[in-house]
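Undergrad: Here you go, sequence then predicted model.
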Amino acid sequence: MPRLLLLTDRGQLPPGRGLVETLASCAAAGATTVVLRELDLDEPARAALADALSAHMQVISARTVLPGVRGLHLAAHQAVPAPGGPPHGRSCHDQAAVARAAEEGAAYVTISPVASTVSKPGYGPALGAEGVRRAVEAAGGLPVLALGGVSAGSAAHLSAAGAHGVAVMGAVMRAHDPAAVVSALMAELGE
């Protein structure tokens, strides 16, 4: 599991910038893995987007399996997929959900929100570093990625709280220079 996981949201991109272009620049800065969300698109459109993104980095599909993806990222409420599918991770919002995900065979979890976030305002409360610590304890060695309001200024602090790494959407998607944000995050994470 990489220490930096990107999540897509093309609705947050600055006008005139495309998602593939943005993620290609992030890959050039060292990002290796992305969770493809874009859940408003139909499955054929998401599959085509996954294929285009896979030229630049490993793609994990949110909620549904798409051809050629490296993994599946489940929402907090989704059932565990049948055995034999790609490895899966899960969105978690408290330590009980993290413990359940570990018991159910998740390959990693995200814990969110760790801070207030522009991407999902009002979602919370923010768990902070202490919430990350509790999630890591509940994970029993499973990689925990801190998500929600993560910035280049907070990544090292969250890592020091025990997070394997961070998962970032808005800070990269909205950035004037997404590659610079990725570089700063990776430097904070010691990558």
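TA: Arrived safely.
Undergrad: So for the chain, which residue is the most central one in space?
TA: Compute the mean C-alpha point of the chain, and by CA atoms, centre = their mean the closest residue is residue 167, 3.8 Å away.
Undergrad: Pull up the pairing partners for the helix or strand harbouring that residue, direction included.
TA: Per DSSP states H and E, residue 167 falls inside strand 165-168. Strand 165-168 sits in its sheet next to strand 4-7 (parallel), strand 144-147 (parallel), going by DSSP bridges.
Undergrad: Tell me which of these is the most buried.
TA: The highest average neighbour count among the strands paired with strand 165-168, using mean count of other CB atoms under 10 Å, belongs to strand 144-147 at a mean of 29. C-beta here means a position set from N, CA and C on the backbone, and glycine is covered the same way.
Undergrad: Just the buried residues of the following helix or strand past that one, please?
TA: Proceeding N to C from strand 144-147, the next assigned helix or strand is helix 155-160, under DSSP H and E. With burial defined by 16 or more other CB atoms under 10 Å, the residues of helix 155-160 counted as buried are 155, 157-159.
Undergrad: So for helix 155-160, mean pLDDT?
TA: What helix 155-160 shows for mean pLDDT is 96.
Undergrad: Restrict it to CA atoms and write it as PDB.
TA: As requested, C-alpha coordinates have been extracted for helix 155-160 and formatted as PDB (Å, rounded to 0.1, in the frame of the first residue of the first chain):
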ATOM      1  CA  ALA A 155       0.700  14.700   6.600                       C
ATOM      2  CA  ALA A 156       3.800  14.200   8.900                       C
ATOM      3  CA  HIS A 157       1.700  14.800  12.000                       C
ATOM      4  CA  LEU A 158      -0.800  12.100  10.900                       C
ATOM      5  CA  SER A 159       2.000   9.800  10.100                       C
ATOM      6  CA  ALA A 160       3.500  10.400  13.600                       C
END
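Undergrad: Centre of the chain to it, how far?
TA: Mean-position distance between helix 155-160 and its chain equals 16 Å (CA atoms, centre = their mean, to the nearest Å).
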